[in-house]
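Student: here you go, sequence then predicted model.
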Amino acid sequence: MTIKLYPLLILLLAGLSSYAQQRVFQPTKVTTAPKIDGELNDPVWAEAPALNNFVQNFPYFGQPASQKTDVKIIYDNSAIYIGAYLYDDPKLMRKQVTARDGEAQTDVDYFSVFFDTYNDHQNGYEFLVTTANVQTDARLSPNSGSPFGGYGDKTWDAVWESKISMKPDGWVVEMKIPYSALRFAKKDIQDWGIQLQRFFRRNNETSFWNPVDPKENGFVNQFGLMKGLTKINPPLRLSFSPYVTTGYRSTPHSSGYTKEWLRNGGMDIKWGINESFTVDATLIPDFGQVVSDDQVNNLTPYEVKFTENRPFFTEGTELFNKAGLFYSRRVGATPSGYFNVSNFVASNPNWEIVKNPSVTQLINATKFSGRTKKKLGIGIFNAVAAPMDAIIRNKITGKDSSIRTSLLTNYNIIVLDQALRGRSFVTFTNTSVLRNSTGRDANVSAFDVALYDKKNLHAFKSTARYSKIWGISPSDGFNTTLTYGKVSGYWQYNLSSDVKSKKYNPNDLGILFTNNQITYKGSISYSQPEPIGIFNTFNYSLSPRLIYMYKPYAYNKFDVTGSAFWFFKNFWDVNINVNVTPGWENNYFELRTGDQYLRYPSNTVFMVEGSSDSRKKFFFNYSGVYAIAPKFDNKAVAWGLGTRYRFNNKFSLELQTNSSYEKNQLGFAFIRESNGDPIVGFRDNKDFTSVLSGTYNFTSRMNLTLRARHYWNKVNYLSLHDVDNNGNLLSRPFISGMDENVNIFNVDGFFTWDFRLGSRLIIGYKDWLGGEEMASISGSNTYFKNLNEIFKLNHGNEITVRFIYFLDYNQLRRKH
C-alpha cells in the first residue's frame, strides 16, 4: 500500500510545484496576419505552440479545469492575435446576448486575455469575448475590483476585432488587438505579463492559464510571462472620431417652457506619440446622451456623490484617480449660479427665463498618459470649461438681462507613478483649478506610498496631502494616513490612522465628505475561498473604529462593525452586518456650524442582504435594515427587493424597489434662530424608490435600453429644538409648514448601433419632472398616489441623435 502511494505523492508535489511557478512561453512573430473570421485555418496558426492545462480558481483552486482549452498567440508589427479553441458540450454552453461590458451575472460563457505590457505586476489590460461575440475590455490597476465585479475598469473602451464560431465540440474565438489599444515600452526585446481566463456559467467555474490563488493579495502579480516579443515596429497610432449631434429639448420652469433645437459637433482624437504614451483629446464635447443621475432629497450634511457616465471621463482615468483626488463630475458640472437664477425668477413673477444652461459647456479636454520602460507612469489631464450665462427677460419692459452663472475655468492633474518591485509603488499627484477674474483657485498635492514584502503577505501604506485655496475663502490644510496589515492568507488584519485637518479641502476637483477628523481603525478577518460543506466561500470580519475631531481634539464617536458573508453551493449568497455604537456620539457635522455638536444616543444597526442564483431566468436580490436608538425612541426600517427576468437570450427586464421609514429621526431642520443658531427637529422620514429597466439586444452590436426611475420622499416634522453648548436639546415653539413631499422622476431610453469598429449611432430620449414641481404634490401620503400625480405635472422632454464615425489614419493612408 505504501509503495502504491509514492507515485500519487510525487504527482501531487509536482502539481503543486507547477502551480507555484510562473508559466512562461514565447509567442510567434509572423509576416502574414490571419483573417479574423472565427476560424483557425490560416497557415500562420499552425506555427504557434498551444497554451493549455488551465487551472481552476473557483470553485476548487488548484484542480485542472473541467474542459480542455487550447490558445495560440502570434504577433506582427500591427497587432497581437489570439486564437482559442474552447472545448465544451454545445448543449451545455450559455449564449445570452448582452450589452458591451455587460457579461457579469448574465447567462453567458466567455474567454479573456490579459496583458501586463510593462511587466510591472500592477497594471494591465483585459480583452474578453463571450459566446455571443460580445466584447468587454478593461484597464487593470492596483485598485482593480474583485472577480464578482470583474478585474478592472470596464468603462475603458478600445477598438479591436473579434469573431467566434460554434463547433460540434465547443467554440472558437479569434481576436486581433492592435497596438493602438495598448501601451508598452520602446525596447527591441520585450517581456509582457500575460493571463488567460475561461469562465463556464453553468457552474460558475473560473480557470486561468497561470494559476491565480484566491488567498493571495492582487491579481496582475499572478500573471504568466510572454517572453521575447522582438522588434515591434507599430505604425503611427492616430485616429479621429468626429461626431454630430442634433435634437430637441423642452425644459419646464416656473414661468413656462424653454424650447430649443440642439445641435453640436466635435471630435475625439487619439494620438500615440510613441509606443508608451498616448494623447486623448475631445474638442467641443457633448455629453448629453448619458443616464440621468439618481437624485434624492438630501437631508444629510454630506454631499451626494453621483456616478460618472460620460465616456471621456471614465475611459482610462485610473492613473489620474490613483490618489482618490479626481471626482470628474466637478468638470462640466451645473453652473454654480444656476439655482440662483431659477430661485430669482420663481420669486419674481415679472421675470421669465429665456436661457439658463444646466450644464457647463467644455471647450476641450485632454489626457496624456503612459509609462516609461523604467515603469514610471506619467499622466497629465487638462480641461477648459467655458463661461456660462443665463438670460432672463422682464415681462413688463421686454428687456433681457444677462447673468454670469459660471466663470471660465481650467482643470489640471499631473501624476507621476513609479512602480517598484512586486506590488509596491510610490505616486505623486497634483490637482489644480484656476478660475477667471475673482473666482477662487485651488491646488492639492499628494504623495502615496505602498510597500509589500517579498512574499506579498504584509503591506505598509502611507499618504500625505496638502490643499490650498486662494481668492474667495482662502485656506490650507492637510491629510495623512498610515496603514499596516497582513493582506494575504486565510487570516488578515489591518491597523490604520487617518488625520484630516480642519481646513483640508480637495473639493474643487475631488470629493471629501468630512474633514477635521482623526480616525483610528482596526480590522481582522477570516476568509475561506474554497468549498466546505454547503458553502462555496465565506468570510467573517470585525472592525472597531474610534473618531476624534482634529480641532478641537474632542471625542466624536466609537463604533464596532461585524460582518459575515456566505456564498452557498446553490449559488445563493447572504451578507449580514451589525454596527454597534455603544455610547453617545458627538456629531459635529449635522448642525452645519463647524464647531457646535449634536449628541446622538447609543444605537444598533442590523443589516442583511443577499441574492438568488443569477444563472436562472428569474433572479432576485433583497436587503433589510433595522436600527434602534431607544433613548430617543428612534427606529428605522428599510427593505429592498430587486427582480430580473430573462425572457430569452436577447431580452430581459429588471425591477428594483427600495423603501425606508425612520421614526423620530433627529436632524438639522434647515432653519436658524434670528441670531444664527441652528434649529433641529424630530421628524418621520419615509421614502420609496422604484427603477424599471429593460434591455433588448438585437445583435452583439445593436441594443435598445430603457430605464425609468421614480423617487418619493415624505418628511413630517414632529417637534423643533435648539441645541445647547453640550449638544443637548432645548425646547422651542413649533413652526408649521415645514413638511416636505418630494418626487423625482426620470426616463432614459437609448438605441445604440455599433455599425462598424469604433463607429456608433445613438438615438436618445429623456423625460424628467420639472425641478420646480418636485415638491408640488401635497396631500398624497402614499407612494402610488404620488406616482399617479406626477403624470399630471409638467415634464421636460429631449430627443437626440448622435453619429460618431471612427477614422484610423493608417487605413486612410492605405486607401489613398
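Tutor: Here it is on my side, so go on.
Student: so which residue is smack in the middle of this structure?
Tutor: residue 307 (6.9 Å; Cα atoms, centre = their mean).
Student: how close does that one get to residue 663?
Tutor: 31 Å (Cβ to Cβ, to the nearest Å). Every C-beta, even on glycine, is put in place using the N, C-alpha and C of the backbone.
Student: same deal with residue 286?
Tutor: 46 Å.
Student: who's more crowded, those two?
Tutor: Neighbour tally, residue 286 and residue 663, criterion other Cβ atoms under 10 Å: the higher count belongs to residue 286, 21 against 17.
Student: can you pull the contacts of the residue lying closest to the more buried one once chain neighbours are set aside?
Tutor: The shortest distance from residue 286 to any non-neighbouring residue, by Cβ to Cβ, 6 or more residues apart in numbering, is to residue 264 (4.3 Å). Applying Cβ atoms under 8 Å, 6 or more residues apart in numbering, one finds that residue 264 lies in contact with 244-246, 284, 286.
Student: following the helix or strand that contains residue 264, which helix or strand shows up next?
Tutor: In this assignment (DSSP states H and E), residue 264 forms part of strand 256-272. Heading C-terminal from strand 256-272, the first helix or strand you meet, by DSSP H and E, is strand 277-283.
Student: could you pull up the mean pLDDT of the next helix or strand after that next one?
Tutor: Moving toward the C-terminus from strand 277-283, the next helix or strand (DSSP H and E) is helix 311-314. Summarised as a single mean, pLDDT over helix 311-314 is 83.
Student: against which helices or strands is helix 311-314 packed?
Tutor: strand 362-371 (3 or more Cβ pairs under 8 Å, 6 or more residues apart in numbering; DSSP states H and E).
Student: what residues does the strand it packs on touch?
Tutor: 118, 120, 123, 183, 185, 273, 276-285, 312-313, 316-317, 319-320, 331-332, 377-386, 417, 419.
Student: picking up where we left off before, the strand holding residue 264: which residues count as buried?
Tutor: Buried residues in strand 256-272, counting neighbours by 16 or more other Cβ atoms under 10 Å, are found at 258, 264, 266-268, 270-272.
Student: ok, now which ones touch the residue nearest to the centre of the chain?
Tutor: Per Cβ under 8 Å, 6+ apart, neighbours of residue 307: 293-294.
Student: ok, now with 10 Å
Tutor: Shown in contact with residue 307 (Cβ atoms under 10 Å, 6 or more residues apart in numbering): 290-291, 293-294, 314, 329.
Student: what of residue 247?
Tutor: Per Cβ under 10 Å, 6+ apart, neighbours of residue 247: 260-264, 286, 288-289, 763-766, 798-802.
Student: now it: phi and psi?
Tutor: With angles defined as degrees, to the nearest 10, residue 247 sits at phi 170, psi -170.
Student: element containing the nearest residue to it once chain neighbours are set aside, please.
Tutor: Leaving aside its sequence neighbours, residue 247 sits nearest to residue 800 (Cβ to Cβ, 6+ apart; 3.3 Å). Residue 800 is part of strand 795-804 when elements are defined by DSSP H and E.
Student: who is residue 446 paired with across the strands?
Tutor: residue 429, residue 465 (DSSP bridges).
Student: list the contacts for it?
Tutor: With Cβ under 10 Å, 6+ apart, residue 446 has these contacts: 322-325, 415, 427-431, 463-467, 479, 506, 510.
Student: same thing but at 6 Å, please
Tutor: 323, 429, 465 (Cβ atoms under 6 Å, 6 or more residues apart in numbering).
Student: just the buried residues out of those residues, in PyMOL syntax.
Tutor: Selecting only the buried entries of the contacts of residue 446 in PyMOL, with 16+ other Cβ under 10 Å as the criterion:
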select buried, resi 323+429+465
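Student: would JSON lines of the contacts of residue 446 with pLDDT and distance to residue 211 be doable?
Tutor: Shown next, in JSON lines, are the contacts of residue 446 (pLDDT from 0 to 100; distance: Cβ to Cβ, whole Å):
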{"residue": "323", "pLDDT": "93", "distance to residue 211": "32"}
{"residue": "429", "pLDDT": "98", "distance to residue 211": "34"}
{"residue": "465", "pLDDT": "97", "distance to residue 211": "38"}
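Student: tabulate the contacts of residue 446 in TSV, adding columns for distance to residue 594.
Tutor: TSV is the format used below for those (distance: Cβ to Cβ, whole Å):
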residue	distance to residue 594
323	26
429	27
465	20
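Student: out of the contacts of residue 446, who's nearest residue 555?
Tutor: residue 465 (24.6 Å; Cβ to Cβ).
Student: got the CA positions of the strand holding residue 800 in PDB?
Tutor: C-alpha atoms of strand 795-804 as PDB (Å, rounded to 0.1, in the frame of the first residue of the first chain):
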ATOM      1  CA  HIS A 795     -42.300  67.300 -17.600                       C
ATOM      2  CA  GLY A 796     -39.200  68.000 -19.600                       C
ATOM      3  CA  ASN A 797     -38.500  66.100 -22.800                       C
ATOM      4  CA  GLU A 798     -35.500  65.600 -25.000                       C
ATOM      5  CA  ILE A 799     -34.800  63.600 -28.100                       C
ATOM      6  CA  THR A 800     -31.300  63.500 -29.600                       C
ATOM      7  CA  VAL A 801     -29.500  61.700 -32.500                       C
ATOM      8  CA  ARG A 802     -25.700  61.300 -32.400                       C
ATOM      9  CA  PHE A 803     -23.500  60.000 -35.200                       C
ATOM     10  CA  ILE A 804     -19.900  59.000 -34.500                       C
END
